[in-house]
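> predicted model and sequence follow; I will ask about them next.
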Amino acid sequence: MKVSKNWLNEYLTLDIEPKVIAEKIARTAVEIDSVKRPSEGLKKIVVGYVDSLVPHPDSDHLSVCQVDVGEEELIQIVCGAPNIAAGQKVIVALPNSRIADNVKIKRGKMRGQASEGMICALQEIGFSESVVPKEFVEGIYVMPEDAVPGEPVFDYLGMNDDIIDIDVTPNRADMLSMRGVAHELSADYDVPATFKHPDLKETSDEKIEDYISLALPDKTLAPTYSMRVIKDLTVKASPMWLQIRLWNAGVRPINNVVDVTNYMLMDYGQPLHAFDYNKLGSKDILVRTANAGEKITTLDTEERELKDSDIVITNGDKAIAIAGTMGGESTQITNETVTVALESAVFNNSMVRKTARSQGIHSEASMRFERGINVATVQESLDAAAELIAELGDGTVVTGTASASRLEAESTFVDTTTTHLNNVMGTELSETQITKLFQQLGFTVTTRGSVLNVEVPARRWDISIEADLVEEIARIYGYDNIPSTLPTGEMTPGKYTYKQKLIRQARHILESAGLSEAISYGLTTEEKAGKFIFEEKDVYTTNLMFPMSSERTTVRMNLISGLLDDLSYNEARKSDNIAFYEQGRVFFRSEGEDRPVEIEHIAGAMTGLFKLANWQSDKQPVDFFMIKGVVEQLLTQLQLTDDVTYVASESHEDMHPGRTADVYLKDELIGFVGQVHPNAAKEFNLKETYVFELDLQKLVDAKKEERLFEPISKFPAVTRDVALMVANESANSDIETLIKNQGGKHLIDIHLFDLYQGSHIESGMKSLAYTLTYQDTAKTLVEEDVTKDFNRVIEALKETFKADIR
Amino acid sequence: MDLKEKLLELQEKGLKQIRESEDLKQINDIRVNLLGKKGPITEVLRGMKDLSAEERPKIGSFSNAIKNELAEAIRLKNEELEIKKTAKKLEKEKIDVTLPGAQIQLGQPHVIAQVIEELEDLFLGMGYQVVSGPEIEEDHYNFEMLNLPADHPARDMQDTFYITKELLMRTQTSPVQARTMETHDFSKGPLKMVSPGKVYRRDTDDATHSHQFHQFEGLVIDKHVTMADLKGTIELIAKTVFGEEQEIRLRPSYFPFTEPSVEVDVTCFKCHGKGCSICKYTGWLEVLGAGMVHPNVLRMAGVDPEVYGGFAFGLGPDRFAMLKYSIDDIRNFYLNDNRFLSQFTKRG
């Protein structure tokens, strides 16, 4: 809402800088969008009188004008506007003037003709096109005849005003009017505001009943619905003062009837609608809900199909306006209009909201009906409008108001206490101070013991409960004056839950392993959502009803696809070496359910080089064992009681069948690790890429080893190495299990230190070499102890794996 | 030449040899030659048997003094040569210390996670619990429990991804408040919680809009919680995230779930309140919304507003990070460009 300082001055005296007023409003009431003086930055723009003009000799659209700008001699200006004519008063930007957007106008020549400046359109001196009167949109603006050549145009056009643009929150609809803003400032600055009230003389013998008969079968559609009629009118342009009011409020002047309704809209916040009475086609006005499919052509010349939830004004038969939203074209005010039916009403706010939304009409009127109307001024604004329309159009107001319903304005009474107000605010205000603040707001306080009974006038319909009063007192007292403390009261422990702690740890472990955290989109395509799932039961996708794009239709069911999206984004930017992890939720829906379960997962994706070659060491490309090492380290750090095993798996559709392992905790599948199938990688435009994904919830639930100190043996450890040649198919995990089972009680570690497959050994075979470490906590081991155990292992390996011990 | 003279001559010769020796082997040889059992001093002392009983001890102690002197000279020389040897060795071992160190690959948390963690740590220290809630939420908790009935005008402000008529992608973390209030046992003390998490809005992604972003919600419900407590808590947030010198201002605002509602600005940390392009020449940056919990919200969660009250605040870690690090495009957070992410190492 654009608030004109000049307009405000009619209601209260504030001899304060507009910027300071704006700051006060921001801190006390609502946000400020901007504070502007329309004439700011403009200079040397004056009234000119077009004394004569001739067509430009070398142009078919330019005119060469001789213009009186209050100097001894006329100046010559070349003008291209189609509506330029001799005898007009115009806006002249003199040489070296500044017009809108800080453009400088210089003396020059146009196609050989000297031009001492420019004749301007309103848009060229900073007016928004949406407020320029229609007849001047395509050309220059013609000033009022009494404008004096040579004088600056700013006062004539109301440009020396200050416009504070306020951004009204939904709860403060009372500030969607000049009077509401004046009330607010009166409270903020503790200065009185005074308002003019209409002085409507109803001298006509004709009664409203002779003109209008209203019917409103369902009063919930419009708790207040009234009309007046003004007759014998002349529709014409409004006087300058009114036009200025409107364009400074951001409204385009149209004619003296429509302008008055818009003026009252801004002044009282009351939307009014003017019908051309003679085009109604009936005396009977019926307000009802529309019939589904009923049609109306609105003021914007659009034919609209209505729903049965829309309220319409009808002539008993056809819809002539969509209530509170937009009028109909057939009954609009034109230059031929002589009699006006003027409507002032309160419409059902939620129905207007629905209509505004479904029709896509968010008008000044609908916005106010949606947010509420000051019931106290429905009649007053109607009277004021009728009076002003009659005055400006030389018409007569028909005696009386037709009303189909009428809501009486009532005060709201809310109780509070000084103690409560102080308790909530954390202040120590006295009852006197509080009563004073209520008085500033224009609320009357009656004291009953410790209870303050506060009478809130109808113009503040946003206030109904005690908490509302707290807000009023707090903001008028000033949030800056409220002290700063921290909550006291009973102590509470501040700590993470076990799950939160484990998640934080898991993230840190992966960071230490060199993976950076990514946060990808939770919404993806149905196809990507369905990849990389390792749930053992059937799960289904969860889709949005109305997605915004085909890329974001489905809630994710895995983290890997998101990470692959990230990798491919990087790959496309020549960033080939990436190690990312992500921690977040996946969403699994069971058949027949609407709501999916949300499970915490953690996943990683690596591609390219983990380490670049440098002066000291070779490059280290990412491979299966590197990412498996990351997973192993993560799981080791968590100290799970049960054994973790990695089982080769060919069952993942998008994974490399020979380079993927399912990860089991005892018998439970908790995730997988491996290389993305080259075909799947290609879909993401990726090269060799390795991933893992784990169900974090299962890790949270898993049993953990009790953490007890293990004494460190004082006795030396003994090591034995064994190298063996076995068939390629023999799995390291099976060999290690065998060594462990046959190793004897002193075997404390098995370490694979070499693996060889290649030309130096028989094909189909591989060579493995292990170091076995033996130790006793009570004595130094002697040769015989170890040899016996070691030999047993050797024999077992030979027997089970047909191993050739070397 | 008597014994004494011989000894003096040996002393002089020995000291000269020691002085002139150049390496450890040489000095060791000198030691063995000079002081050994077959050395010249021992040899000279064999002549003592010819001396009188009176002279013998004199020569004995004289020779011992010379022996000691030589031994000490050898020790010092030895030490000197050891130092030289070490220095030589170190000289050979010299490397170019400006060569780069070994690559230690470390990952870092996402910048938004860093903002959230910093805030969590702050609130854990003040006895708050961290609570998370579902990202797919019921309309009931996301809206109705927060005083936003079906035709409430503020629902216009929240364009929502619905899954069914009743289920939606949560548009705010506030439903976690409603859920926690419902289950909290107030006989066991006040409710002090924060709730970070992802939220979703039906927005088209551009530099300032994202259909996915984060919120960090806070709530305190107790018998005596004041707006002053809210103000102090918010000041702490501003100072923790944006710096100790930050000031805040509260402005009235409107949220259906709080009354009074305030919007909080901090002094623009680029211009320190003078006005610049970042703060659009106001000197202030809007950073969060807050207020005293609306009695309807308490009532709906089964909390008696006559006895309990409190404050709630909600802030956007994305916005915080954008302001703090001058990030101009919110999409950076979710595209995960490594050149972006790696800028936010874990700085102290």
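Structure received.
> poorly predicted segments of the stretch 101-250 of chain B, please.
B:153-158 (pLDDT under 70).
> let me see the ranges of the helices in it.
For the stretch 101-250 of chain B, helices defined by DSSP state H, counting those that start in this stretch occupy the ranges B:111-124, B:139-142, B:174-183, B:227-242.
> could I get those as CSV with mean neighbour count?
C-betas here are computed from N, CA, C, even on glycine. Putting those into CSV (neighbours: other Cβ atoms under 10 Å in any protein chain shown) gives the following:
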stretch, mean neighbour count
helix B:111-124, 20
helix B:139-142, 20
helix B:174-183, 22
helix B:227-242, 21
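> how about those helices, which one is nearest chain A?
Closest of the helices of the stretch 101-250 of chain B to chain A is helix B:227-242, at 2.7 Å (criterion: Cβ to the nearest Cβ).
> excluding sequence neighbours, find me the nearest residue to whichever residue of the stretch 151-300 of chain A sits closest to chain B.
The minimum distance from the stretch 151-300 of chain A to chain B, using Cβ to the nearest Cβ, falls at residue A:169 (3.7 Å). Leaving aside its sequence neighbours, residue A:169 sits nearest to residue B:254 (Cβ to Cβ, 6 or more residues apart in numbering or on different chains; 3.7 Å).
> state the helix or strand in which that neighbour lies.
Residue B:254 is part of strand B:248-255 when elements are defined by DSSP states H and E.
> cool, and residue A:796?
Assigned by DSSP H and E, residue A:796 belongs to helix A:783-801.
> check which helices and strands that helix sits against.
If contacts are counted by 3 or more Cβ pairs under 8 Å, 6 or more residues apart in numbering or on different chains; DSSP states H and E, helix A:783-801 sits against strand A:718-727, helix A:732-742, strand A:765-774, strand A:804-805.
> point out the most buried one among those.
Among those, strand A:765-774 has the highest mean neighbour count (mean count of other Cβ atoms under 10 Å in any protein chain shown), at a mean of 18.
> who's in contact with that one?
A:717-728, A:730, A:732, A:735-736, A:739, A:743-744, A:746-757, A:761, A:781, A:785-786, A:789-790, A:793, A:806 (Cβ atoms under 8 Å, 6 or more residues apart in numbering or on different chains).
> go through the helices and strands packed on helix A:783-801 and find the least confident stretch.
Mean pLDDT across the helices and strands packed on helix A:783-801 is lowest at strand A:804-805; the value there is a mean of 89.
> pull the longest strand from chain A.
With secondary structure taken from DSSP state E, chain A has its longest strand at strand A:43-55.
> that one - what's its average pLDDT?
Strand A:43-55 shows a mean pLDDT of 95 in the predicted model.
> show me what that strand is packed against.
Judged by 3+ Cβ pairs under 8 Å, 6+ apart, strand A:43-55 is in contact with strand A:63-68, strand A:89-99, strand A:118-120.
> what's the neighbour count on the closest residue to residue A:609 other than its chain neighbours?
Nearest residue to residue A:609, sequence neighbours excluded (Cβ to Cβ, 6+ apart): residue A:577, at 4.6 Å. Around residue A:577 there are 16 other residues, counting by other Cβ atoms under 10 Å in any protein chain shown.
> what's the answer for residue B:2, then?
Residue B:2 has 11 neighbouring residues, counting by other Cβ under 10 Å.
> so residue A:252, which state does it fall into?
Under DSSP: H, G, I helix; E, B strand; the rest coil, residue A:252 falls in the coil class.
> which pLDDT value goes with the nearest residue to it once chain neighbours are set aside?
Nearest residue to residue A:252, sequence neighbours excluded (Cβ to Cβ, 6+ apart): residue A:131, at 4.9 Å. What the model reports for residue A:131 is a pLDDT of 96.
> and for residue A:131, the neighbour number?
Count around residue A:131 with other Cβ under 10 Å applied: 18.
> hang on, the earlier thing: helices and strands around the helix or strand following the strand holding residue B:254, which ones?
On the C-terminal side of strand B:248-255, the closest following helix or strand by DSSP H and E is strand B:258-267. Strand B:258-267 sits against helix A:466-477, helix B:227-242, strand B:248-255, strand B:284-293, strand B:309-315, with contacts defined as 3+ Cβ pairs under 8 Å, 6+ apart.
> direction included, what does strand B:258-267 pair against?
Strand B:258-267 has the following sheet partners, assigned by DSSP bridges: strand B:248-255 (antiparallel), strand B:284-293 (antiparallel).
> dump those into TSV; add mean neighbour count as well.
Shown next, in TSV, are the strands paired with strand B:258-267 (neighbours: other Cβ under 10 Å):
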stretch	mean neighbour count
strand B:248-255	22
strand B:284-293	22
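> surely residue A:144 is within a helix?
No - counting by three-state DSSP, residue A:144 falls outside a helix, being coil.
> so how far is residue A:157 from the nearest residue to it once chain neighbours are set aside?
Excluding its sequence neighbours, the residue lying closest to residue A:144 (Cβ to Cβ, 6+ apart) is residue A:240, at 5.7 Å. The spacing between residue A:240 and residue A:157, counted by Cβ to Cβ, to the nearest Å, is 8 Å.
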